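In: model this:
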Amino acid sequence: MKIVVIGGTGLIGSKLVTELGEHGHQAVPASPNTGVNTLTGEGLDEALAGATVVIDVSNSPSFEDAAVLNFFRTSTGNLLAAEKKAGVGHHVALSVVGTEGRPDVGYFRAKLAQEKLIEDSGIPFSLVHATQFFEFAHRIADEATDGDTVRMPSVLFQPIAGEEVAQAVGRAAVGAPLNGRTEIAGPEQFRMDEFFRDALTAWGDRRTVVTDPHAHYFGAEMHEHDLVPGDGARLGEIKYADWLASTGAR
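Out: The predicted structure follows:
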């Protein structure tokens, strides 16, 4: 079947396109790089013609509160309208574990707005909530850096390999719509400060990780369970140390 992947040239999207193609599906990457812009609507009707499923793994270029909210409201609104015109039967979106519990966090609030549009659209849907990706660990450390110090809270942290995120989203796309959400996370649970202390050592990074209960994660203090899934989540199999060794991502 034809599956259009919005954000299909990015980290997760490119993995999805490859995986779906290997399973015999017509996977079409859609992004500004391919002439499809969900913010303006450019190229949407053409890309969605004949599509059975649309997967949205796109992300805002800015995490500033107003900008990210505008991105997801505008992009998702345009995308859902185009899907209705095209007769798309299943909308799949990648979201974040913890959104519903922290609407005070700007990025989470924007993802909640996106999910509400999807839920109210009338299009059968599946939402995949993922924890943080291994591939983003460097960015998370950089955002928490002050000079030579990385300030991290000691909250629970359960990151996952991007490869396994793509697999989970792909499974959702070829299955029956959930009309609800599923959660995915990595196989290991850490304390966030301890994870980054070990990670920086493995990277050969000389920065010092300091435990700070008031440290912000992209603009907000995290609570104990904000970044980990609830009971019943699907867990990946790839451990961070093994992923790091296999990718050389130092």
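In: so how far is the top helix by length along the chain from its chain's centroid?
Out: Assignment by DSSP state H gives helix 65-86 as the longest helix of the chain. For helix 65-86, the distance from its own C-alpha centre to the chain's C-alpha centre is 16 Å (CA atoms, centre = their mean, to the nearest Å).
In: ok, and for it, which residues are buried?
Out: 68-72, 75-80, 82-83, 86 (16 or more other CB atoms under 10 Å). Where C-beta positions appear, they are placed from N, C-alpha and C, glycine not excepted.
In: Stretch 125-137 too?
Out: 125-135, 137.
In: Closest one of those residues to Leu178?
Out: Taking CB to CB as the measure, Leu178 lies nearest Ser126 of the buried residues of stretch 125-137, at 4.2 Å.
In: partner residues bridging the closest one?
Out: Beta-bridge partners of Ser126, counted by DSSP bridges, are Val92.
In: follow-up on the earlier one: possible to save the buried residues of stretch 125-137 as TSV with secondary structure, distance to Gln167 and pLDDT?
Out: Output for the buried residues of stretch 125-137, formatted as TSV (DSSP: H, G, I helix; E, B strand; the rest coil; distance: CB to CB, whole Å; pLDDT from 0 to 100):
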residue	secondary structure	distance to Gln167	pLDDT
Phe125	strand	19	98
Ser126	strand	14	98
Leu127	strand	16	98
Val128	strand	10	98
His129	strand	15	98
Ala130	strand	11	98
Thr131	coil	15	97
Gln132	coil	17	97
Phe133	strand	13	97
Phe134	helix	14	97
Glu135	helix	15	96
Ala137	helix	20	96
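In: wait, which of these is closest to Gly101?
Out: Looking across those and measuring by CB to CB, the closest to Gly101 is His129, at 11.1 Å.
In: dump the residue contacts of that closest one.
Out: His129 is in contact with 95-99, 181-184, 229, counting by CB atoms under 8 Å, 6 or more residues apart in numbering.
In: Give the closest residue to Asp45 in space, chain neighbours not counted.
Out: The shortest distance from Asp45 to any non-neighbouring residue, by CB to CB, 6 or more residues apart in numbering, is to Ala82 (5.9 Å).
In: One more: Leu127?
Out: In this structure, Leu127 finds its nearest non-sequential neighbour in Arg181, 3.9 Å apart by CB to CB, 6+ apart.
In: That neighbour: neighbour count?
Out: 18 (other CB atoms under 10 Å).
In: Could you check how far it is from Val92?
Out: Arg181 sits 11 Å away from Val92, going by CB to CB, to the nearest Å.
In: Show me whatever sits in contact with both of those two.
Out: Common neighbours of Arg181 and Val92 (CB under 8 Å, 6+ apart) are 126-128.
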